[in-house]
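K.L.:
After the sequence you'll find the predicted model.
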Amino acid sequence: PAHTNSLEAYWLPFTANRHFKKAPRLLARAEGMYYWNHRGEQLIDGCAGLFTSALGHCRPEIAAAVADQLGILDFSPPFQFANPLAFELAAMVAEITPEGLNHVFFTGGGSESVETAMKIALAWHRVRGQSQRQRFVGRERAYHGVNFGGVSIGGMVKNRESYGIGLPGVAHMRHTWLDENRFLPGQGPAGAELAEDLQRIVDLHGADQIAACFVEPIAGSTGVLVPPQGYLQRLREICDAHGILLVFDEVICGFGRTGAAFGAQSFGVTPDIITMAKALTNGAVPMGAVAVKDEIYDAVTGAVPEGGIELFHGYTYSAHPAACAAGIATQRIYREERTFEGAAALAPRFLDRVFALRDLDAVTDIRGYGLLAGIDLAPAQEAGRPKPGARGYAVLQAAYEAGLVVRVTMDTVILAPALVAEDAHLDEIVDKLRRVIAAS
Ligand code: PMP
């Protein structure tokens, strides 16, 4: 079993990490801001699980709700039936989404939410006699999960190319405003004109060919790429002008990470569809959701008398009772403890600490918004040539050994502490990271 010390004895059939044999990084227990590994050593969590555990780990109210639910109703078939918790959680989610997005589809996680949103977009256009609208627009350096549609619209070229072929008809907007906004907390002034890439794609393929444009309000997994001022607004305008649905993938941004319920509210732009997961259930049980505008919901669920279709869609685990119980308990705490307001108040103190790392020689840029930050490191050199990713990986390992869990993507360190972190936790995270980077 994984909690013993003698990992070397195992064949390691789990594929979490190909370097496991050299340097196993196991997390065996968690509480609040901390993990403990298989040797009983304590580590502070700098990434709220994987952007999941906004309220810290192992909240007793959530654990109890899930345990209770598994003794009351452990499963209900999701298609012809439902369970009362599904309605309750959907109402709680709808209450905090931007105005007009009042209907919710449940999924098993972020990747499923993205696929669901893509299908809803296609169905919406079909209902309106626009079945030729089959193209999707994504963005370079975007991450939309690992399923077929999400990889295709995603902007990680290596991920797309691993499979040789993706969905046809997908175009990607550029995402290269970073150099001009170096070391700026919040939204930089330069780069909003890159939204014109959407117009360029419309002009190239025809306005009536495009189903939807997908963006993360802040691209999270690829290094915390904060949109320049006016950028998301311009995407909204172009989508409106051409009947294109705007989808915000808020799997990371959702539930307070940006200081409001959703990035949509932080940035003042209302999309047609929002995908979410992770902190929906505080990460305690896998679950995702897709919130859609009322007219879209009506059209794709057959609620409109003339011309509506009933989307053939749903997963066995859609609105699973245990996930709903975790979701309801989580959403209750967000309300009772005013977690999102707390995150907004904490954000400047977090960003101050993170941006102080700019004096380190190895740090080449820092970006941040809310309780989300990306710290770029100069790549390691090997035989006079940069070796991308090597320094990032070394920092990940050294941080683990120093009692800190961070997320690393190539040579960028990502911090996303729980929204309930205290100043002393932020100090501990940033101080440890400083020492690890300085020694890298
Ligand atoms: N979309 C975004 C924006 C994400 O950040 C992620 C996961 N990091 C996903 C989709 C995929 O979610 P999951 O891993 O739950 O399938």
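P.N.:
Structure's in. What do you need?
K.L.:
for Gly394, what are its contacts?
P.N.:
If you look again at residue 394, you'll see it is Ala, not Gly. Ala394 is in contact with 380, 440, counting by C-beta atoms under 8 Å, 6 or more residues apart in numbering. In this view, the C-beta of every residue, glycine as well, is placed from N, C-alpha and C.
K.L.:
In terms of helices and strands, where is it?
P.N.:
According to DSSP states H and E, Ala394 maps onto helix 390-401.
K.L.:
hey, C-alpha coordinates of that helix in PDB?
P.N.:
Output of helix 390-401 as PDB, limited to C-alpha atoms (Å, rounded to 0.1, in the frame of the first residue of the first chain):
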ATOM      1  CA  ALA A 390      14.600  21.500 -16.400                       C
ATOM      2  CA  ARG A 391      14.800  24.300 -13.900                       C
ATOM      3  CA  GLY A 392      11.000  24.200 -13.300                       C
ATOM      4  CA  TYR A 393      11.200  20.500 -12.600                       C
ATOM      5  CA  ALA A 394      14.100  20.900 -10.300                       C
ATOM      6  CA  VAL A 395      12.200  23.600  -8.400                       C
ATOM      7  CA  LEU A 396       9.100  21.400  -8.100                       C
ATOM      8  CA  GLN A 397      11.300  18.600  -6.600                       C
ATOM      9  CA  ALA A 398      13.300  20.900  -4.300                       C
ATOM     10  CA  ALA A 399      10.100  22.600  -3.100                       C
ATOM     11  CA  TYR A 400       8.700  19.200  -2.200                       C
ATOM     12  CA  GLU A 401      11.800  18.400  -0.200                       C
END
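K.L.:
So which bits of that helix are buried?
P.N.:
For helix 390-401, burial by neighbour count (16 or more other C-beta atoms under 10 Å) applies to 390-400.
K.L.:
Nearest to Ala171 among those?
P.N.:
Ala171 lies nearest to Gly392 out of the buried residues of helix 390-401, by C-beta to C-beta, at 29.5 Å.
K.L.:
what's across from the closest residue to the ligand within the stretch 301-440 of the chain in the sheet?
P.N.:
Nearest residue of the stretch 301-440 of the chain to the ligand (C-beta to the nearest ligand atom) works out as Arg407 at 9.4 Å. For Arg407, the beta-bridge partners under DSSP bridges are Ile414.
K.L.:
pLDDT score assigned to it?
P.N.:
Note on Arg407: pLDDT of 97.
K.L.:
That one reaches Ala48, doesn't it?
P.N.:
No. Look at Arg407 against Ala48 with C-beta atoms under 8 Å: they stay out of range, at 9.7 Å.
K.L.:
check contacts around the residue in the stretch 201-350 of the chain positioned nearest to the ligand.
P.N.:
Nearest residue of the stretch 201-350 of the chain to the ligand (C-beta to the nearest ligand atom) works out as Val251 at 3.5 Å. Neighbouring residues of Val251 by C-beta under 8 Å, 6+ apart: 51, 110, 113-114, 145, 216, 220, 275-278, 288.
K.L.:
can you do 10 Å?
P.N.:
Each residue near Val251 by C-beta atoms under 10 Å, 6 or more residues apart in numbering is listed here: 51-52, 109-111, 113-114, 143-145, 150, 216, 220-221, 274-280, 288-289.
K.L.:
Then Phe214?
P.N.:
Applying C-beta under 10 Å, 6+ apart to Phe214 gives the contacts 114, 117-118, 121, 136-139, 142, 144, 149-150, 153-155, 170, 245-249, 271, 273, 275.
K.L.:
The spatially closest residue to it that is not a sequence neighbour: which element?
P.N.:
Nearest residue to Phe214, sequence neighbours excluded (C-beta to C-beta, 6 or more residues apart in numbering): Val247, at 4.7 Å. Element membership for Val247 (DSSP H and E) is strand 245-249.
K.L.:
Check which helices and strands that strand sits against.
P.N.:
helix 110-127, strand 135-139, helix 148-153, strand 210-215, helix 231-242, helix 263-267, strand 273-276, strand 288-292 (3 or more C-beta pairs under 10 Å, 6 or more residues apart in numbering; DSSP states H and E).
K.L.:
what pairs with that strand, and is each one parallel or antiparallel?
P.N.:
In the sheet, strand 245-249 lines up with strand 210-215 (parallel), strand 273-276 (parallel) (DSSP bridges).
K.L.:
What is the neighbour count of the residue lying closest to His242 once chain neighbours are set aside?
P.N.:
In space, and not counting its chain neighbours, His242 is closest to Ala207: 4.0 Å by C-beta to C-beta, 6+ apart. If you count neighbours by other C-beta atoms under 10 Å, Ala207 ends up with 15.
K.L.:
Mind pulling the model confidence for whichever residue of the chain sits closest to the ligand?
P.N.:
Of all residues in the chain, Gly110 sits closest to the ligand, at 2.1 Å by C-beta to the nearest ligand atom. Among the per-residue scores, Gly110 shows a pLDDT of 98.
K.L.:
Same check on Glu8?
P.N.:
Glu8 carries a pLDDT value of 53.
K.L.:
All the helices of the stretch 301-440 of the chain, in order from the start?
P.N.:
With DSSP state H, counting those that start in this stretch applied, the stretch 301-440 of the chain shows helices at 321-336, 339-355, 390-401, 423-438, listed in chain order.
K.L.:
other SSEs contacting the last one?
P.N.:
With contacts taken as 3+ C-beta pairs under 10 Å, 6+ apart, helix 423-438 sits against strand 42-45, helix 339-355, strand 363-369, strand 372-377, helix 390-401, strand 404-405, strand 412-415.
K.L.:
In JSON lines, list the ones you listed along with distance to the ligand.
P.N.:
Formatted as JSON lines, the helices and strands packed on helix 423-438 follow (distance: least, C-beta to the nearest ligand atom, whole Å):
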{"stretch": "strand 42-45", "distance to the ligand": "16"}
{"stretch": "helix 339-355", "distance to the ligand": "18"}
{"stretch": "strand 363-369", "distance to the ligand": "15"}
{"stretch": "strand 372-377", "distance to the ligand": "11"}
{"stretch": "helix 390-401", "distance to the ligand": "16"}
{"stretch": "strand 404-405", "distance to the ligand": "16"}
{"stretch": "strand 412-415", "distance to the ligand": "10"}
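K.L.:
Among those, which comes closest to Phe262?
P.N.:
helix 339-355 (9.5 Å).
K.L.:
in that closest one, what's buried?
P.N.:
Under the neighbour-count criterion of 16+ other C-beta under 10 Å, helix 339-355 has 339-340, 342-344, 346-347, 350-351, 353-355 buried.
K.L.:
same question, stretch 64-81
P.N.:
Quick answer for stretch 64-81 (16+ other C-beta under 10 Å): 65-66, 69, 78.
K.L.:
show me what contacts the closest residue in space to Gly154 that isn't next to it in sequence?
P.N.:
If the residues on either side of it in the chain are set aside, Gly154 comes closest to His144, at 4.6 Å by C-beta to C-beta, 6+ apart. Residues in contact with His144 (C-beta under 10 Å, 6+ apart) are 110-111, 113-115, 117-118, 138, 150-156, 159, 214-216, 219, 221, 247, 249, 251, 275.
K.L.:
Cool, thanks, talk later.
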